[in-house]
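1. Next one to model:
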Amino acid sequence: MPATDTGQRLLESATEAFAAKGFHGTTTRDIAAAAGVTPGAVYVHHRSKEELLYSISKVGHERTLELVRAGMASSTDPVEQIRNVVRDFVEWQSSNRTKSSVVNFELPALSDEHRAEVLEIRRAVDAEFRTVVDRGRELGVFSVPDTRLAVFALLSLCIDVARWFRADGRLTAADVAANHSMLALRMLGAAGS
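-> This next block holds a predicted model:
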């Protein structure tokens, strides 16, 4: 198989292993075995186990930022922006639960340099949310006393889905996303939500 296929298989097996065992509980041997390659192949495609985690985390955070920015660009109305952003964010988190778990909950295992880079992307996501919540407050469509706390709550609502969502559960990812977008608007005190 081409190197890119092997590299992708290694990323996928690392994601599964990190989600199941945590970064520190996973060995490169675990990752290689799941990808169907020898442990040495890990180092042909990635410098270290930490670099695998960094790749997974960076791509996942970049995808989140893309989703958030697209949702913000979907309307000029803060209520619609929050509805769209939370719906799309939660649906992605739910549909990609394994990857989301690794992306969001294995950050402490990153090197200082890699963690700083990923946290910069997180700050950009946070800034997008703050901008729309502040604008909604200024327009009188959101009634929360503290934008920062409201954004923390919104982000938790979106991210923590990865902790409990199950594809074989009672609700689909789309169902959870629709529900969470309604909850987000209620949390913000949006009229008619």
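2. Helices of this protein, residue ranges please.
-> 3-21, 28-35, 39-45, 49-73, 78-95, 97-105, 112-138, 147-159, 161-164, 173-187 (DSSP state H).
3. For H180, which residues are in contact?
-> V86, R87, V90, L157, C158, V161 (CB atoms under 8 Å, 6 or more residues apart in numbering). Every C-beta, even on glycine, is put in place using the N, C-alpha and C of the backbone.
4. so what's A3 scoring on pLDDT?
-> As predicted, A3 sits at a pLDDT of 45.
5. The one 10 residues further on too?
-> Per-residue confidence for S13 comes out at a pLDDT of 89.
6. could you list every residue that touches A167?
-> Per CB under 8 Å, 6+ apart, neighbours of A167: R97, A173.
7. can we see that at 7 Å?
-> Listed by CB atoms under 7 Å, 6 or more residues apart in numbering, A167 has no contact partners.
8. Now tell me what touches the helix or strand of the chain with the lowest mean pLDDT from outside.
-> Counting by mean pLDDT, DSSP states H and E, the weakest-scoring helix or strand in the chain turns out to be helix 39-45, with a mean of 78. Contact with helix 39-45 is made by A3, T6, G7, L10, T28, R29, I31, A32, as judged by CB under 7 Å, 6+ apart.
9. how about low-confidence regions in this protein?
-> 1-4, 192-193 (pLDDT under 70).
10. how close does the most centrally placed residue in it get to R148?
-> Nearest to the mean C-alpha position of the chain, by CA atoms, centre = their mean, lies S100 at 5.0 Å. Counting by CB to CB, to the nearest Å, the separation of S100 from R148 is 23 Å.
11. Same question for E128.
-> The value you get for E128 to R148, if CB to CB is used, is 14 Å.
12. quick one, which of these two is more surrounded?
-> Neighbour count, other CB atoms under 10 Å: between E128 and R148, E128 has more, with 18 against 13.
13. residues in contact with that one?
-> Per CB under 7 Å, 6+ apart, neighbours of E128: V68, R69, M72.
14. Who wins on neighbours among those residues?
-> Going by other CB under 10 Å, V68 tops those with 25 neighbours.
15. how near is the residue nearest to it when sequence neighbours are not counted to R63?
-> With CB to CB, 6 or more residues apart in numbering as the criterion, V68 has its nearest non-adjacent residue at 4.8 Å, and that residue is E128. As judged by CB to CB, E128 and R63 stand 14 Å apart.
16. Repeat that for A17.
-> Taking CB to CB, one finds A17 at 20 Å from R63.
17. Ok, R135 next?
-> 24 Å.
18. what's the answer for N96, then?
-> 8 Å.
19. same question, S13
-> 20 Å.
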